[in-house]
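Peer 1: A structural model of the following input is requested.
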Amino acid sequence: MRKHLVPIAIVALLSVSSNLIFTTTAAAQEKPEKEATLRAILLEQFRNAWNKEDWYAPISIAIEGLTAKQAMWKPADSVHSVGELTYHILFWSRTQLDHFKGNKSAAFSGNNNETFTAFTEASWASTVQQLNQVMADWEKAIETCDEAKLKKWASGIDHLNTHIAYHTGQIIIIRKLANNWDPAKGVR
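Peer 2: So this is what the prediction gives:
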């Protein structure tokens with residue numbers, strides 16, 4: 001199944017890369033210099049993955065305006081739908097937030113495929129709402145945790161940000177294939 005995702009991932013990376021080359025210089029010139037603290041870097045990465053458009057479209061924009069039916073569409077049986085990918089991001093973001101906060105996370109069998117297949121058309125609105133809440137909770141957690149915890153979790157937060165951005169690229173490619181992506185949202 002993963003071999004079918006490779007072409008989608010490559011196209012997503014190429015699409016994001018072409019936008020990066022164009023916007024890197026302009027973005028660097030427009031931003032005022034900030035102190036490059038670990039917290040500032042992790043928050044910037046997180047916000048770029050969640051809801052602040054910068055070099056690429058964040059997950060909030062990638063799923064914005066989708067109907068439940070559109071979220072269910074798949075270009076092929078071996079590829080995930082936007083809804084499945086969104087649920088997968090929600091599952092792992094929530095699980096990691098539970099670990100970060102020291103809370104017990106939901107039961108998990110260890111089968112990562114289950115983190116995609118729990119999505120249904122009926123759960124789309126709830127999935128989006130829950131994702132927004134988890135992301136808001138993550139942002140607050142990164143903003144307010146003590147420095148020692150931030151250092152301990154820096155790599156994990158970085159991986160979370162990368163994970164979200166990776167699957168967001170897949171979501172945008174699927175939306176392009178479904179002809180329901182608006183290129184004005186940041187990726188042409």
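Peer 1: any low-confidence regions in the chain?
Peer 2: 1-34, 187 (pLDDT under 70).
Peer 1: residue nearest the centroid of it?
Peer 2: For the chain, Ile164 is the residue whose C-alpha lies nearest the centre (CA atoms, centre = their mean; 2.6 Å).
Peer 1: ok, that residue to Lys185 distance?
Peer 2: 16 Å (CB to CB, to the nearest Å). In this view, the C-beta of every residue, glycine as well, is placed from N, C-alpha and C.
Peer 1: if we can go back for a sec, and for the residue nearest to the centre of the chain, nearest residue in space, chain neighbours not counted?
Peer 2: With sequence-adjacent residues excluded and distances taken as CB to CB, 6 or more residues apart in numbering, Ile164 is closest to Ala49, at 4.0 Å.
Peer 1: what distance do you get for that neighbour to Gly65?
Peer 2: Counting by CB to CB - Ala49 and Gly65 are separated by 19 Å.
Peer 1: count of residues packed around the closest residue to Gln45 other than its chain neighbours?
Peer 2: Spatially, and ignoring its direct neighbours in sequence, Gln45 is nearest to Asn161 (4.2 Å; CB to CB, 6+ apart). Neighbourhood size, Asn161 [other CB atoms under 10 Å]: 21.
Peer 1: state which helix of the protein is the longest.
Peer 2: helix 147-177 (DSSP state H).
Peer 1: in it, what counts as buried?
Peer 2: Residues of helix 147-177 classed as buried: 150, 153, 157, 160-161, 163-177 (neighbour count, 16 or more other CB atoms under 10 Å).
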